[in-house]
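**Student:** Everything below, folded, please.
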Amino acid sequence: AAIFVILVVLFFLGRWRATVIIILTIPISLIVAFIYLFITGASINIISLTSLSIAIGMVVDDAIVVLENITRHIERGSRPREAAIYATNEVWLAVIVTTLTVVAVFFPLTFVKGLTGVLFKQLGMIVTITIVTSVFAAITLTPTLSALMLKWYPIRKDAPFWTYDGSIRKGLDKFDHFYERTLRWALNHKAVVTIAATLIFILSMSLMGKIPTEFFPQADESRITATVQLQTGTRVDETVKTTDRITKLIQSKYPEVTIIESSAGVDDQGGFASIFNAGGTHTITYSLSLLPIEERKKSVFDIVEEMRSDLSKMPDIINFTLSTSDNMGSFGGSGVAVEIYGYDIANTNLVAEELSNRIKKMQGAKDVTISRSKSKPELQIIFDQNKMSANALNTAMVSSAVKNRVDGLVATQLRQFGDEYDVVVRLDRKSTSTITDIQNLGITNPMGQVVRLGEIASIKEYWSPPNIERKRKERIVRVSFTPYKRSLTELQTEIQKNIDEMQIPSGIMVQISGAIQDQMEAFADLALLMVVSLILVYLIMASQFESLRMPLIIMFSIPFAFSGVAVALWLTGTSLSAISGIGAVMLIGIVVKNAIVLVDFINLMRDRGYSLYEAIALSGRSRLRPVIMTTATTILGMLPLALSTGSGAELWSPMGVAVIGGLVFSTLVTLVLVPVVYALFAGKVKRNRSVAAYSDLHFMDENGNNKSLDK
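**Tutor:** Next up is the predicted model:
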């Protein structure tokens, strides 16, 4: 990004000294950002580094505006010292205001709540600090270095083509002339320009309905996790055989998989892992590591889709889920869930089953699962308290005796060659395989009498859910799935339609959650952030121009930034997510910078006595290069972000795409529509020309003496 910025500055200014002066702004701003990270104890991570790469393209904007004006004065004949003073005096207020508009957008990011706020708080603070540092450098360091380092060079009209003056400068001059002619034509055809701009805006915004939406983009993390379920009650040795078949399939068909980690079944003791997930002898879990994304042709999503097809062909597999991440590094994951609240387990199971069947028929829904596992058979022993009392027994004594006979009692430990083994004493499995066997278990009371369990308790068969989840103190079961090549908005509409068509019993509540709910909350936060940013930007500009009308003229470029975002997302096939939404909000502060510089200079030219159209045309030609330069540096600074293909690039590239699209579109609008709108709204307002004296242009006469040119 820094190299791109250097090339842009060198191309437009053609002076290596000027390029060095501008580039010095980058390390100064970045050093201050790192000082902030050090003081706050923050780490260098993906978010902070991305924030710095976003800021690199913008930190030079203010220095470019100042230095380009200084260079223009020097080329007209001013000495470097006088040029630095008067040129900076012309634009310093506009430079500060443009920076404040950017701060007005980025600083509120630090107050956003929820997951979006956690993600973007560092982004908002780092960009704010670097931009504020850059504006101080632009109005102090840049003029100082310009006065010391820049020299006046005569521009040769007859320079050979291979020189800068003979090729690039001539081309830029021709471009200036072309833009001035275009601007004069637009000012004489205001109705045509306005109608064309309105049609472009309507057509571009109509594309928003065709852009898919998601909460966060799914990143290719080179990992796949899978859970495979066989028939409930399958023996562990049969589960291991199925695991071996799946493993051999993965090894033979998927060379992209480098490490296979599998777990088949769980032991009958439960174990620590059973606290976190309901397992069983019929459950298989996989964790697969893939080659780095640069070394394989298939994406992780293509591989997962092929695996789904292969697993669905195995008859002994009842259900399976595949995920492309562990939801730890992908900011919340992309799974969609429908929550079913209700105390009655049977009814909620029926609702979950019906909803699951409906979702499976939907296009774009993969890996449909129900969080509550299927009920398992168990035996319930219901004690008769009166009979136990008559036999001098209590619940603790009987339950302990039953457990020891069925589950076993650790009687002692066998020590052999330094190892210790538990010696578990229990009845043979054949002696506890039927209800009659359980009823015939003998319980010894304190008097030494043996009492049959069937005499003091009744034993019933019962189907019990392996797990009961709760949320907000209510029982809940979730039907979840992974969206595939379909927007969350479309899925939400179809799911809600299915829920409305179902006959839901009383006492049961159904609501959509997961990524859809996260997306709705994130978009609501972004909408509020957008409104706050627009108000702050308007107030800042109103205070600078001391007018309520001027900010409205400048803000005409903002809607077309959103048009550019829509076109860019549609052309690249990128979804509208929280990341691209932040890119759209960022544009509010970025796109008005060029319009502020342009409108401020038009006001200055009108203060000097030029007519309205002449002031607009001359200002447009004068400010064209700094506008193009600042836009190009920001776009090229974002380009590595938009084009990156490394691991996790999918997360941040939508922001780059959104900002680049919005900037390209809004810059074209700023250069043509904003001057036309200015002519429409500001034509009747008379300027106070008494303020023009501070910005009189200074020239040197043929004897080298500094002279002031009257307006």
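
**Student:** Make sure residue 481 is indeed in a strand.
**Tutor:** Yes - assessed with DSSP: H, G, I helix; E, B strand; the rest coil, residue 481 lies in a strand.

**Student:** what's the single longest helix in the protein?
**Tutor:** What stands out as the longest helix in the chain, according to DSSP state H, is helix 649-682.

**Student:** Identify each buried residue in that helix, please.
**Tutor:** Buried residues in helix 649-682, counting neighbours by 16 or more other CB atoms under 10 Å, are found at 649-663, 665-679, 682. Placement of C-beta: from N, CA and C, glycine included.

**Student:** can you check stretch 18-28 too?
**Tutor:** Buried, per 16+ other CB under 10 Å, within stretch 18-28: 18, 19, 21, 22, 23, 24, 25, 26.

**Student:** What lies in contact with it?
**Tutor:** By CB atoms under 8 Å, 6 or more residues apart in numbering, the list of residues contacting stretch 18-28 from outside reads 2, 5-6, 9-10, 13, 56, 59-60, 62-64, 67, 71, 133-134, 137-138, 141-142, 145-146, 149-150.

**Student:** And for stretch 494-501?
**Tutor:** The contact list for stretch 494-501, computed with CB under 8 Å, 6+ apart, reads 336, 338, 355, 358, 359, 362, 510, 512.

**Student:** Out of these, list just those in helices.
**Tutor:** Per DSSP H, the contacts of stretch 494-501 map to helices at 355, 358, 359.

**Student:** could these go into JSON lines alongside neighbour count?
**Tutor:** Output for the ones in helices among the contacts of stretch 494-501, formatted as JSON lines (neighbours: other CB atoms under 10 Å):
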{"residue": "355", "neighbour count": "22"}
{"residue": "358", "neighbour count": "19"}
{"residue": "359", "neighbour count": "19"}
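
**Student:** Now do the SS call for residue 423.
**Tutor:** Classification of residue 423 using three-state DSSP returns strand.

**Student:** so what's it bridging to?
**Tutor:** Residue 423 has these beta-bridge partners by DSSP bridges: residue 412.

**Student:** Tell me who's in contact with it.
**Tutor:** Here residue 423 is in contact with 410, 411, 412, 413, 414 (CB under 8 Å, 6+ apart).

**Student:** what ranges of the chain fall below the confidence cut-off?
**Tutor:** Along the chain, segments meeting pLDDT under 70 span 114-116, 153-159, 161, 164-165, 266-280, 325-335, 466, 645-649, 683-711.

**Student:** Got phi/psi on the residue nearest the centre of it?
**Tutor:** Centroid-nearest residue in the chain, with CA atoms, centre = their mean: residue 579, separated by 2.9 Å. Phi and psi for residue 579, reported as degrees, to the nearest 10, are phi -70, psi -50.

**Student:** Same question for residue 35.
**Tutor:** phi -60, psi -40.

**Student:** For residue 46, see how far away it is.
**Tutor:** 20 Å (CB to CB, to the nearest Å).

**Student:** do the same with residue 388
**Tutor:** For residue 388 relative to residue 46 (CB to CB), the value is 64 Å.

**Student:** give the contact list for residue 151.
**Tutor:** Residue 151 neighbours (CB under 8 Å, 6+ apart): 17, 80.

**Student:** Could you verify that it is part of a strand?
**Tutor:** No - the assignment for residue 151, made by three-state DSSP, is coil rather than a strand.

**Student:** Which residue is the nearest non-sequential neighbour of residue 581?
**Tutor:** Spatial nearest neighbour of residue 581, chain neighbours left out: residue 526 (4.4 Å); criterion: CB to CB, 6 or more residues apart in numbering.

**Student:** host element of that neighbour?
**Tutor:** helix 515-545 (DSSP states H and E).

**Student:** any idea which helix or strand comes after that helix?
**Tutor:** Helix 515-545 is succeeded, C-terminally, by helix 550-554 (DSSP H and E).

**Student:** That following helix: how far from the chain's middle?
**Tutor:** Relative to the centre of its chain, helix 550-554 is centred 31 Å away, using CA atoms, centre = their mean, to the nearest Å.

**Student:** on contacts alone, who are the packing partners of it?
**Tutor:** Using 3 or more CB pairs under 8 Å, 6 or more residues apart in numbering; DSSP states H and E, the elements in contact with helix 550-554 are helix 515-545, helix 578-607, helix 649-682.

**Student:** ok, back up a step: of the buried residues of stretch 18-28, just say which sits nearest to residue 296.
**Tutor:** residue 26 (35.7 Å; CB to CB).

**Student:** where does the residue located most distally from the centre of the chain fall, helix, sheet strand or coil?
**Tutor:** Note on the chain: the largest C-alpha distance from the chain mean falls to residue 447, namely 72.1 Å (CA atoms, centre = their mean). Under three-state DSSP, the three-state class of residue 447 is coil.

**Student:** Please state the backbone phi and psi of the closest residue to residue 613 other than its chain neighbours?
**Tutor:** Using CB to CB, 6+ apart and skipping residues adjacent in sequence, the residue nearest residue 613 is residue 187, 5.3 Å away. Main-chain torsions, residue 187, degrees, to the nearest 10: phi -70, psi -30.

**Student:** Residue 187 against residue 675, yeah?
**Tutor:** Yes - taking contacts as CB atoms under 8 Å, residue 187 lies within contact range of residue 675: 6.9 Å.

**Student:** Overlap in contacts, the two.
**Tutor:** Common neighbours of residue 187 and residue 675 (CB under 8 Å, 6+ apart) are residue 616.

**Student:** follow-up on the earlier one: relative to residue 124, which of the ones in helices among the contacts of stretch 494-501 is nearest.
**Tutor:** Closest to residue 124, out of all of the ones in helices among the contacts of stretch 494-501 and judged by CB to CB, is residue 359, at 37.8 Å.

**Student:** For that closest one, which residues are in contact?
**Tutor:** Counted by CB under 8 Å, 6+ apart, residue 359 has contacts 338, 365, 368, 479, 481, 495, 498.
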